[in-house]
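Asker: Please work out how this folds:
(chains A and B)
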There are 2 protein chains.
Amino acid sequence: MLCHVGYVFDGYPVVTPTLYWREGDAIYWHGSSASRALRASQDLEVCLTVTHLDGLVLARSAFHHSANYRSAMIFGTAHIVTGDAEKLARLEAMMDRLCPDRWGALRPVSAKELKATHILWMPLDEASVKIRSGAPVDDEADMADDVWAGVVPFALGFGQPEPDDVTRAAGRVAPAVTGRLTRRS
Amino acid sequence: MLCHVGYVFDGYPVVTPTLYWREGDAIYWHGSSASRALRASQDLEVCLTVTHLDGLVLARSAFHHSANYRSAMIFGTAHIVTGDAEKLARLEAMMDRLCPDRWGALRPVSAKELKATHILWMPLDEASVKIRSGAPVDDEADMADDVWAGVVPFALGFGQPEPDDVTRAAGRVAPAVTGRLTRRS
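Answerer: Purely as a prediction, here's the structure:
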């Protein structure tokens, strides 16, 4: 759910982390800083990159050390989501992505809040996807070396939900987000 | 150890994921794609961003939902590390960061491998650091709502090392990277 959005501001590159979600052939993200840049220029070219680091690849030589990962670089022109109904629909989709079944339990979003919400999007037209997986690839001459070679995998997990003070005092039951989020991520 | 490096290429932003490491007041990263761009221009302005996503912040209203995170955006001019001795010293530092005590067990890096290694660096002179932590911040009027509010923390962990076929057949003992990497990350 984390992406890094790059754009050019005054000729310099800027890379900001933010949450993204996908709906069909479009990608959306929270973009208050990028939307400032977008208001300054008419068309904001962006590169939105999502990376999952899956493991460290420990090879028999320093040179062949690597990382297992999956990354997508998405290129395009960013647009601001406008219109209250449209923004509301996108916010609901975002919430469904982050925490399913929660939207309906929350009070309605106010007009003032909608106004302060900055959502950007671009079509998924141009992307570069890279994947590295599996064992290290070593030189044949190094295969007999007395070195442990293989992969140390990474795993991103969710910890125990931490209620805030009021929620704890009220004894509310934590939402079952952990399992659901894990399955979706 | 993962960063996202943004630079401008032909007027367009490019954001590539890569591994980084720090030595004193300089930051280094593996940069074959960026070094291509660097050879095309003389000075390559970059924004290198490192982000740790620490948790989902579930508030009582959609608007106040957020994420706990720590991020650093580092701005500057990228330089290529040149000279065999210099590149070798940086590679060793990188290895010590990724997997302590491993460098000495590996065969020496060849001249050909050094030539094919692209390391970039920039000084840690200009950076923007952002942190969000702790419980959700809700509107006073929402505090009595029957909603679970709090934080669902993320944790990045290392799984069981997976030896490659030759290593498994030889019965080599996995390096104790897991605990050490966790402590360092």
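Asker: Can you pull out the residues in contact with the longest helix along chain A?
Answerer: Using DSSP state H to define each element, chain A has its longest helix at helix A:84-98. The contact list for helix A:84-98, computed with Cβ atoms under 8 Å, 6 or more residues apart in numbering or on different chains, reads A:1, A:19, A:21-23, A:28, A:30, A:81, A:102-103, A:106, A:109, A:111, A:114, A:117, A:119, A:121, A:181, A:184, B:56, B:62, B:65. All C-beta spots, glycine's among them, are computed from the backbone N, C-alpha and C.
Asker: buried set for that helix?
Answerer: A:87, A:88, A:90, A:91, A:93, A:94, A:95, A:97, A:98 (16 or more other Cβ atoms under 10 Å in any protein chain shown).
Asker: Switch those residues over to a markdown table; also include pLDDT and distance to residue A:167.
Answerer: Below are the buried residues of helix A:84-98 laid out as a markdown table (pLDDT from 0 to 100; distance: Cβ to Cβ, whole Å):
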| residue | pLDDT | distance to residue A:167 |
| --- | --- | --- |
| A:87 | 94 | 28 |
| A:88 | 95 | 26 |
| A:90 | 96 | 27 |
| A:91 | 94 | 22 |
| A:93 | 94 | 25 |
| A:94 | 92 | 22 |
| A:95 | 92 | 18 |
| A:97 | 87 | 22 |
| A:98 | 85 | 18 |
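Asker: Check those residues against residue A:75 and report the nearest one.
Answerer: Distance to residue A:75 across the buried residues of helix A:84-98 (Cβ to Cβ) is lowest for residue A:90, with 21.2 Å.
Asker: That closest one and chain B: what is the separation?
Answerer: 11 Å (Cβ to the nearest Cβ, to the nearest Å).
Asker: Same check on residue A:26?
Answerer: Per Cβ to the nearest Cβ, residue A:26 is found 19 Å from chain B.
Asker: if we look at the sheet, which residues does that residue bridge to?
Answerer: residue A:23, residue A:123 (DSSP bridges).
Asker: still on that earlier bit, mark which of the contacts of helix A:84-98 are buried, thanks.
Answerer: With neighbours counted by 16+ other Cβ under 10 Å, these contain buried members at A:1, A:19, A:21, A:28, A:30, A:81, A:102-103, A:106, A:109, A:114, A:117, A:119, A:121, A:181, B:56, B:62, B:65.
Asker: Tell me which entries of those residues lie within strands.
Answerer: Here DSSP state E is the test, and the buried ones among the contacts of helix A:84-98 give A:19, A:21, A:28, A:30, A:119, A:121, B:56 as lying in strands.
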